[in-house]
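Enquirer: A structural model of the following input is requested.
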Amino acid sequence: SSLLSQGRPVTASSVEAGANVVANAVDGNTATRWSSLYTDPQWIRVDLGASRQINRVRLNWEAAYGRAYQIQTSPDGSTWTNVYSTTTGDGGIDDVTLTGTGRYVRVNGTQRATAYGYSLWEFEVYGS
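Expert: The predicted model follows:
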């Protein structure tokens, strides 16, 4: 499968003040990151430009990570389908094999693991 998300348009429910802007999550640089405000829920979503087959999502979390989150796909950015869900996230790198189709892929965080927000060095979506 191919990396579909790098450099694509990306939006989020919030951005922590400072340099940790949302585009950092798809820039291919593991020295830059996106971080959200310190509340639940929060989400980050990438627009793949067209409907794609998705088979893998790799989340490279910073120290502030999601304990509970869903990975979701959408054809239109408003109707979402869960393709993966966990309530036991442990940070680090979550390399998730899944099956889904959509133009948009979203990580929907529902429970933070720390007092901080959600923070991703990279949000990578793979498929064809």
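
Enquirer: can you give me the strands for the chain?
Expert: Applying DSSP state E to the chain gives strands spanning 2-3, 10-12, 34-35, 42-61, 66-74, 81-86, 93-112, 119-127.

Enquirer: averaged pLDDT, the third one. What do you get?
Expert: So that's strand 34-35. Taken as a whole, strand 34-35 has an average pLDDT of 98.

Enquirer: with the fourth one instead?
Expert: When pLDDT is averaged over strand 42-61, the result is 98.

Enquirer: same thing with the second one?
Expert: When pLDDT is averaged along strand 10-12, the result is 98.

Enquirer: how far does that strand sit from the chain's center?
Expert: 9 Å (Cα atoms, centre = their mean, to the nearest Å).

Enquirer: quickly list what the residue nearest to the spatial centre of the chain is bridged to.
Expert: In the chain, the centroid-proximal residue (Cα atoms, centre = their mean) is residue 107; its distance is 3.9 Å. Beta-bridge pairing for residue 107 (DSSP bridges): residue 44, residue 71.

Enquirer: from here on, call the first residue 315.
Expert: Right, with 315 as the first residue, what we last looked at is residue 421.

Enquirer: mind listing what residue 441 touches?
Expert: 315, 316, 318, 366, 367, 368, 369, 370 (Cβ atoms under 8 Å, 6 or more residues apart in numbering). Any C-beta I mention is one placed from the backbone N, CA and C, and that applies to glycine too.

Enquirer: now it. Nearest residue, chain neighbours left out?
Expert: With Cβ to Cβ, 6 or more residues apart in numbering as the criterion, residue 441 has its nearest non-adjacent residue at 4.2 Å, and that residue is residue 368.

Enquirer: where's that neighbour relative to residue 362, distance?
Expert: 8 Å (Cβ to Cβ, to the nearest Å).

Enquirer: what of residue 334?
Expert: For residue 334, the distance to residue 362 (Cβ to Cβ) stands at 23 Å.
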